[in-house]
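Undergrad: Give me a 3D structure for the following:
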Amino acid sequence: MADETDPIKSLATARQKLIEERRGLAVAIALGYRRRRNDDPHTNEVRGAFVDVQNLIEAMDRAIAHEKQITNGQDESFVVSTLESDPAAAVFPDRRQ
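TA: Prediction:
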């Protein structure tokens with residue numbers, strides 16, 4: 001019962017599920033390339049989903065780090081450095097916001 005209320009364990013479990021999803025998406029992307037469907041709309045959607053899942057995994061990593069900081073009694077502001085560029089923009093230029 002205590003595991004259900006442990007935010008670090010919950011985040012770690014969710015992160016593991018996202019990793020499994022990312023691996024499945026990677027297989028789908030690879031199959032698209034093997035079948036020479038590089039510009040297929042479905043392949044592009046899978047690529048976008050892969051980037052979204054990777055962003056979620058990275059957000060989970062930050063959340064786990066923040067929860068550990070809170071657990072250690074450090075309630076100061078939690079700042080995570082960001083990437084200088086948007087890697088998704090290189091693959092999907094029309095996705096820039």
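Undergrad: Where do the helices of this structure begin and end?
TA: 2-5, 7-34, 41-71, 87-91 (DSSP state H).
Undergrad: how about those in a markdown table, adding mean pLDDT and mean neighbour count?
TA: Backbone N, C-alpha and C define where each C-beta goes, glycine included. Shown next, in a markdown table, are those (pLDDT from 0 to 100; neighbours: other Cβ atoms under 10 Å):
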| stretch | mean pLDDT | mean neighbour count |
| --- | --- | --- |
| helix 2-5 | 61 | 7 |
| helix 7-34 | 94 | 14 |
| helix 41-71 | 93 | 15 |
| helix 87-91 | 50 | 12 |
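Undergrad: gap between the most centrally placed residue in the chain and residue 5?
TA: When the chain is reduced to its mean C-alpha position, the nearest residue by Cα atoms, centre = their mean turns out to be residue 54, at 2.5 Å. Spatial separation of residue 54 from residue 5 under the definition Cβ to Cβ, to the nearest Å is 28 Å.
Undergrad: Could you do residue 13 as well?
TA: Remark: distance between residue 13 and residue 5 (Cβ to Cβ) = 13 Å.
Undergrad: can you check residue 50 too?
TA: Shown here: residue 50 relative to residue 5, a distance of 32 Å by Cβ to Cβ.
Undergrad: which residue packs closest to the residue nearest to the centre of the chain, ignoring adjacent ones?
TA: residue 22 (6.3 Å; Cβ to Cβ, 6 or more residues apart in numbering).
Undergrad: same check, this time on residue 18
TA: On the basis of Cβ to Cβ, 6+ apart, the spatially nearest residue to residue 18 that is not a chain neighbour turns out to be residue 57, at 5.0 Å.
Undergrad: distance of the one you found from residue 39?
TA: In this view, residue 57 and residue 39 are 27 Å apart by Cβ to Cβ.
Undergrad: and the end-to-end length of stretch 26-40?
TA: With Cα to Cα, to the nearest Å as the measure, the ends of stretch 26-40 fall 16 Å from one another.
Undergrad: Which residues does that stretch contact?
TA: Under the criterion Cβ atoms under 8 Å, 6 or more residues apart in numbering, residues 42-43, 46-47, 50 lie in contact with stretch 26-40.
Undergrad: for stretch 56-73, same thing?
TA: With Cβ under 8 Å, 6+ apart as the test, stretch 56-73 has contacts from 7-8, 11-12, 14-15, 18-19, 22, 78, 80.
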